[in-house]
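Asks: Quick check, what structure comes out for this input:
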Amino acid sequence: MKANAAFLPVSKKDMKKRGWRQCDFVFVIGDAYVDHSSFGPAIISRHLEAHGFKVGIISQPDWREESSIAVLGEPRLGFLVCGGNMDSMVNHYTVAKKRRRQDAYTPGGKMGKRPDYATIVYANLIRRTYKKTPIIIGGIEASLRRLAHYDYWSDKVKRSILLDSGADLISYGMGEHSILEIAEALDSGMAVRDITFIAGTVYRTKEGELSAYEPVLLPSFEEIVKSKRKYAESFMTQYENTDSFTARPLVEAYPNKVLVVQNPPAKPLTTQEMDDIYAYPYAGTYHPDYEKLGGVPAIQEIRFSLTSCRGCFGGCNFCALTFHQGRIVQSRSHESILQEAENMVQEKDFKGYIHDVGGPTGNFRQPACGKQMTKGVCRKKQCLFPKPCNNMKASHKDYIKLLRKLKQLPAVKKVFVRSGIRFDYVMADSDDTFLRELCNDHISGQLRVAPEHVSDSVLQAMGKPPHAVYERFLKRYARVNRLTGKKQYVIPYFMSSHPGCTLKEAVELAEYIRDLGYMPEQAQDFYPTPSTISTCMYYTGLDPRTMKKIYVPRSAHEKALQRALLQYRNPENYELVKEALQKAGREDLIGFGKQCLITPRKLAKKKPVKKRRR
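Replies: Numbering: from 1, shown residues only. Purely as a prediction, here's the structure:
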């Protein structure tokens with residue numbers, strides 16, 4: 001913990017120490033209270049504090065007890081609610097919908113300290129106690145459920161979380177701009193129902209009272225529930241309106257003349273704004289009350305890591321970053337990052353290793369092209385898919401300079417790059433310098449990358465580059481390692497059961513793994529989380545980009561077959577692998593040859609030949 005770090009109040013006693021009689025905002029969060037810049041609630045609360053607002057924290061309240069929401073009293077301006085750093089349902093359940101055993105964002109890793117659909121439950125709890133106090137919801141759960149969405153865990157299309165939570169506003173995306181504007185509007189005396197003009201927010205209104213400029217009318221909630229095609233059309237309209245420069249207001253109609261209105265996203269942060277936000281006086285760790293409970297596991301990996309950027313123009317279809325952080329990369333200055341690193345090395349627990357320097361994608365440090373910061377991203381085109389855009393500027397020069405500066409700091413033994421790197425972006429940069437320095441200084445024996453699959457048809461559905469690009473990267477990586485004199489390996493991440501993947505493609509991936517001689521320790525099954533293109537495919541059976549039908553491995557058994565093929569050497573998977581090969585018509589892979597995945601388990605026993613007596 002940083003010296004003299006002052007956590008925000010979590011009790012009336014803490015408020016009294018600060019001389020507060022009332023908070024301006026009370027922030028209810030589903031995670032433990034961790035005052036670190038990798039946690040959204042920490043950033044938002046410190047941002048409001050820096051602009052003169054008094055913020056108190058209620059972490060993981062007992063949702064079965066109404067008094068738990070009143071421990072700090074009624075706030076002057078409103079309640080803020082965030083379900084946590086993860087969607088609460090992803091936090092609670094595996095892709096097989098089995099309950100997870102641990103929660104890394106809870107003291108001691110204990111499971112069960114937050115409810116399912118936490119944002120809705122917390123907001124409802126507040127509303128029962130405080131009938132008229134404004135409630136603003138945000139964070140990843142609210143952001144990705146801001147309009148009607150398919151919910152994998154209930155297997156239903158759910159309404160906007162704004163309606164089910166009973167909240168007044170959603171602050172979606174990263175939220176710094178919108179939450180400050182909301183706070184200032186409320187502080188000026190404006191009624192929350194009149195705050196309908198702020199970018200990066202979602203509000204509700206009635207037919208006849210809509211004031212949005214040139215809105216796009218989405219299919220109604222009733223239409224998308226009845227028609228999967230309408231759902232896919234609505235989703236793609238939303239996807240094409242995720243850029244702050246080009247987006248228009250979106251309007252979704254519900255029964256009883258209710259309208260949910262999404263304003264365009266807030267503008268990206270400037271470098272100066274990013275620097276200011278990461279310079280706030282974070283304690284850098286979890287609240288000391290958690291020490292006796294075993295601490296908060298999630299802090300371990302990020303405590304000595306540095307965030308250098310936000311946003312991602314990678315455009316993977318199974319990723320929700322486009323809906324949450326956007327496709328425009330925003331970066332901190334070298335000076336800001338170095339200052340944080342210099343403070344970090346002074347901490348008593350620092351052992352000389354910076355665990356990561358990155359963001360959603362480690363090797364992105366600037367927008368894909370020059371026009372994005374003035375005209376926005378292209379609506380109908382991706383920067384890297386299906387191949388790099390001619391306007392994209394692929395350069396690692398700034399990132400290289402940053403890593404070199406960090407490496408030279410006293411007390412720093414090694415600077416790791418553990419954020420995922422885009423190998424197709426590396427291949428678009430003809431200069432070997434970054435790859436050479438990455439191999440020489442910033443990994444330790446292994447480089448983790450995510451080709452995800454080997455079948456081009458599946459990769460196309462994923463929004464990933466053709467397999468040939470990955471193969472070229474492997475050759476380049478091997479060549480660079482030879483030059484550095486190191487023997488290092490690539491550890492690839494693969495995904496099973498993505499829309500578009502039949503057993504045929506799953507077997508193709510298993511054959512590749514066989515030839516690789518590498519058996520994945522974990523198999524990642526596609527997880528249909530809210531607000532991704534891939535989830536839209538999963539629910540509708542349509543590719544929303546083309547509106548063409550796409551195969552979806554939907555049943556739990558087929559998912560198990562595909563996942564087993566990724567780990568075909570595991571004896572526990574034998575029967576599943578055998579069944580998968582038989583169904584795919586690939587019994588040729590059952591045998592004793594070098595190309596076979598499994599051997600026959602039961603051979604017919606030969607009857608002993610009886611000798612005749614002479």
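Asks: Please enumerate the helices of the stretch 401-550 of the chain.
Replies: 423-428, 433-437, 456-462, 467-484, 503-516, 533-540 (DSSP state H, counting those that start in this stretch).
Asks: just those helices: most buried one?
Replies: Mean neighbour count (mean count of other Cβ atoms under 10 Å) peaks for helix 533-540 among these, with a mean of 25. Every C-beta, even on glycine, is put in place using the N, C-alpha and C of the backbone.
Asks: Show me what it is packed up against.
Replies: For helix 533-540, the packing partners by 3 or more Cβ pairs under 8 Å, 6 or more residues apart in numbering; DSSP states H and E come out as strand 149-151, helix 228-239, helix 456-462.
Asks: Give me the residues contacting the helix or strand just after the first one.
Replies: Going down the chain from strand 149-151, the next helix or strand is strand 156-158, by DSSP states H and E. Judged by Cβ atoms under 8 Å, 6 or more residues apart in numbering, the contacts made with strand 156-158 from elsewhere in the structure are Arg145, Ala148, His149, Tyr150, Asp151, Asp164, Phe221, Ile224, Val225, Tyr231, Tyr539.
Asks: Make a markdown table out of the residues you listed and add pLDDT and distance to Glu521.
Replies: Below are the contacts of strand 156-158 laid out as a markdown table (pLDDT from 0 to 100; distance: Cβ to Cβ, whole Å):
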| residue | pLDDT | distance to Glu521 |
| --- | --- | --- |
| Arg145 | 98 | 32 |
| Ala148 | 98 | 38 |
| His149 | 98 | 32 |
| Tyr150 | 98 | 31 |
| Asp151 | 98 | 30 |
| Asp164 | 98 | 38 |
| Phe221 | 98 | 43 |
| Ile224 | 98 | 40 |
| Val225 | 98 | 41 |
| Tyr231 | 98 | 36 |
| Tyr539 | 98 | 30 |
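Asks: Kindly present those as JSON lines, with separate columns for distance to Ser336.
Replies: Formatted as JSON lines, the contacts of strand 156-158 follow (distance: Cβ to Cβ, whole Å):
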{"residue": "Arg145", "distance to Ser336": "32"}
{"residue": "Ala148", "distance to Ser336": "39"}
{"residue": "His149", "distance to Ser336": "35"}
{"residue": "Tyr150", "distance to Ser336": "39"}
{"residue": "Asp151", "distance to Ser336": "39"}
{"residue": "Asp164", "distance to Ser336": "39"}
{"residue": "Phe221", "distance to Ser336": "43"}
{"residue": "Ile224", "distance to Ser336": "43"}
{"residue": "Val225", "distance to Ser336": "47"}
{"residue": "Tyr231", "distance to Ser336": "42"}
{"residue": "Tyr539", "distance to Ser336": "41"}
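Asks: Was I right to think Tyr353 contacts Phe304?
Replies: Yes: using Cβ atoms under 8 Å, Tyr353 is in contact with Phe304, at 6.7 Å.
Asks: between these two, which one's more packed in?
Replies: Taking neighbours as other Cβ atoms under 10 Å, Tyr353 and Phe304 compare with Phe304 leading, 21 against 12.
Asks: With adjacent residues omitted, what lies nearest to the more buried one?
Replies: His355 (5.0 Å; Cβ to Cβ, 6 or more residues apart in numbering).
Asks: Backbone dihedrals for Val260, please?
Replies: Torsion angles at Val260 (phi, psi; degrees, to the nearest 10) stand at phi -110, psi 130.
Asks: Now for the closest residue to Leu566 other than its chain neighbours: which residues touch it?
Replies: What sits nearest to Leu566 in space, not counting adjacent residues and going by Cβ to Cβ, 6+ apart, is Ala523, at 4.1 Å. Applying Cβ under 8 Å, 6+ apart to Ala523 gives the contacts Phe494, Ser496, Arg563, Leu566, Gln567.
Asks: Of these, which is the most crowded?
Replies: The most crowded member of those, judged by other Cβ under 10 Å, is Ser496 (29 neighbours).
Asks: I'd assumed Gln562 was in contact with it.
Replies: Yes: contact between Ser496 and Gln562 holds when scored by Cβ under 8 Å: they sit 4.1 Å apart.
Asks: Can you pull the residues that touch both of these two?
Replies: Shared contacts of Ser496 and Gln562, defined by Cβ under 8 Å, 6+ apart, are found at Ala506, Asp525.
Asks: thinking Gly84 is in contact with Asp103, fair?
Replies: No: the criterion here is Cβ under 8 Å, and Gly84 misses it with Asp103 at 9.0 Å.
Asks: between those two, what contacts are shared?
Replies: Common neighbours of Gly84 and Asp103 (Cβ under 8 Å, 6+ apart) are Asn91, Arg114.
Asks: And the pLDDT for the residue nearest to Leu566?
Replies: Note on Ala523: pLDDT of 74.
Asks: any idea how far Tyr152 is from it?
Replies: Computed with Cβ to Cβ, to the nearest Å, the distance linking Ala523 and Tyr152 is 18 Å.
Asks: can you give me the strands for the stretch 351-500 of the chain?
Replies: 353-354, 356-358, 414-415, 446-452, 489-496 (DSSP state E, counting those that start in this stretch).
Asks: Paired strands for the fourth one, with orientation please.
Replies: This means strand 446-452. Looking at strand 446-452 with DSSP bridges, its partner strands are strand 489-496 (parallel).
Asks: quick one: the partner strand to chain centroid distance?
Replies: How far strand 489-496 lies from its chain's middle: 19 Å, per Cα atoms, centre = their mean, to the nearest Å.
Asks: Give me the angle between it and helix 533-540.
Replies: Here the directions of strand 489-496 and helix 533-540 differ by 30 degrees (axes from the mean of the first three to the mean of the last three Cα atoms, to 10 degrees).
Asks: shouldn't Thr535 be in contact with Leu144?
Replies: No: in this structure, Thr535 is not within contact of Leu144 by Cβ under 8 Å, at 9.7 Å.
Asks: Find residues that contact each of those two.
Replies: With Cβ under 8 Å, 6+ apart as the test, Thr535 and Leu144 both reach Thr529.
Asks: now, which of the contacts of strand 156-158 sits nearest Leu77?
Replies: Asp164 (23.3 Å; Cβ to Cβ).
Asks: so the closest one, which of the three states?
Replies: Reduced to three states with DSSP: H, G, I helix; E, B strand; the rest coil, the structure at Asp164 is helix.
Asks: about what we covered before: out of the contacts of Ala523, the closest to Asp62 would be?
Replies: Within these, the smallest distance to Asp62 is 36.7 Å, found for Arg563 (Cβ to Cβ).
Asks: give the contact list for the closest one.
Replies: Here Arg563 is in contact with Ser496, Ser497, Ala523, Asp525 (Cβ under 8 Å, 6+ apart).
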